[in-house]
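Asks: Can you look at this prediction? I've put the sequence above it.
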Amino acid sequence: MTYDHIEMWLDFETHGPIKAKFYSESGALLKTAYYRRYQKELGVERPTEMVIIDGLNPKWVTVMRYSDYQLRSIPDAWYQRDYLPRFKGE
């Protein structure tokens, strides 16, 4: 999904994300994300948990936990919307 605009809160010292609000073209708040549980991954402090709260129904909450960070090369095609139906995650 694409968003019309995103408001992002960054840590002053590390420039890491703290919070983000994702908006539709009409200005409606679609999601709020909180970036938490920073740990050193690939030599840099990175969030290992993201809590996403739905903008239309705040009772809908998703928690995403990240682990085993790895560097890898991503084909440019994966960034194209038209490629999505053919995408097969590894």
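Replies: Structure received.
Asks: Other residues contacting the strand ranked longest in the chain?
Replies: Across the chain, the longest stretch assigned as strand under DSSP state E is strand 29-41. Strand 29-41 has contacts (C-beta atoms under 8 Å, 6 or more residues apart in numbering) with 3, 16-24, 45-56, 65-66, 69. From N, CA and C alone the C-beta is placed, and that goes for glycine too.
Asks: What pairs with that strand, parallel or antiparallel?
Replies: In the sheet, strand 29-41 lines up against strand 17-23 (antiparallel), strand 44-54 (antiparallel) (DSSP bridges).
Asks: Distance to Tyr38, mean neighbour count and mean pLDDT added to the ones you listed, as TSV?
Replies: Converted to TSV, the strands paired with strand 29-41 look like this (distance: least, C-beta to C-beta, whole Å; neighbours: other C-beta atoms under 10 Å; pLDDT from 0 to 100):
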stretch	distance to Tyr38	mean neighbour count	mean pLDDT
strand 17-23	10	17	97
strand 44-54	5	15	95
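Asks: can you list those strands in CSV and add distance to Tyr79?
Replies: Below are those laid out as CSV (distance: least, C-beta to C-beta, whole Å):
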stretch, distance to Tyr79
strand 17-23, 18
strand 44-54, 20
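Asks: Looking at those, which is nearest to Tyr83?
Replies: Of all the strands paired with strand 29-41, the one in closest proximity to Tyr83, counting by C-beta to C-beta, is strand 17-23 (22.1 Å).
Asks: Export the closest one to CSV, keeping only CA atoms.
Replies: Only the C-alpha atoms of strand 17-23 are listed here, as CSV (Å, rounded to 0.1, in the frame of the first residue of the first chain):
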residue,chain,number,x,y,z
PRO,A,17,12.6,6.0,14.0
ILE,A,18,10.5,6.3,17.1
LYS,A,19,7.0,6.7,15.6
ALA,A,20,5.3,7.2,12.3
LYS,A,21,1.8,8.2,11.2
PHE,A,22,0.6,7.1,7.7
TYR,A,23,-2.1,9.1,6.0
